[in-house]
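**Q** Just the structure for this:
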Amino acid sequence: MSENGASDATIMAIAGHLSPKMVRHYSHVRMESKQNALDALDSGLKVVTSQSASQAVC
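**A** Numbers count the residues shown, from 1 in each chain. Down below sits the predicted model:
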């Protein structure tokens, strides 16, 4: 639910969790989501690195 944008409060209400700690305990991030986040980070680093390199040449 969280990956689809549901807030912790919404998840707590649907799942019957009494605290955000319970939500964190029972929530699991899918491998695909982890990979997408790493890919986005890697892409951002490549853009920053290439911009820095081009600025250094100028």
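**Q** Spell out for me which residue occupies the centre of this protein.
**A** residue 37 (5.6 Å; CA atoms, centre = their mean).
**Q** Let me know the distance separating it from residue 19.
**A** Residue 37 sits 25 Å away from residue 19, going by CB to CB, to the nearest Å. Yep, even glycine has a C-beta here, placed from its N, CA and C like the rest.
**Q** The residue nearest to the centre of the chain and residue 16: what is the separation?
**A** 28 Å.
**Q** Which helix or strand in the protein has the lowest average pLDDT?
**A** Among the helices and strands of the chain, helix 31-57 carries the lowest confidence by mean pLDDT, DSSP states H and E, at a mean of 73.
**Q** Can you get me a residue count around the residue nearest to residue 3 when sequence neighbours are not counted?
**A** Of all residues not flanking residue 3 in the chain, residue 33 sits nearest, at 5.7 Å (CB to CB, 6 or more residues apart in numbering). Neighbour count of residue 33, defined by other CB atoms under 10 Å: 12.
**Q** Can you show me the CA trace of the helix or strand containing residue 21 as PDB?
**A** Using DSSP states H and E, residue 21 sits in helix 20-26. C-alpha atoms of helix 20-26 as PDB (Å, rounded to 0.1, in the frame of the first residue of the first chain):
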ATOM      1  CA  PRO A  20       3.600   3.500  13.200                       C
ATOM      2  CA  LYS A  21       6.200   1.100  14.800                       C
ATOM      3  CA  MET A  22       3.900  -1.800  13.900                       C
ATOM      4  CA  VAL A  23       3.500  -0.500  10.300                       C
ATOM      5  CA  ARG A  24       7.300  -0.400  10.000                       C
ATOM      6  CA  HIS A  25       7.700  -3.900  11.400                       C
ATOM      7  CA  TYR A  26       5.200  -5.500   9.100                       C
END
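**Q** Many thanks, I have nothing further to ask.
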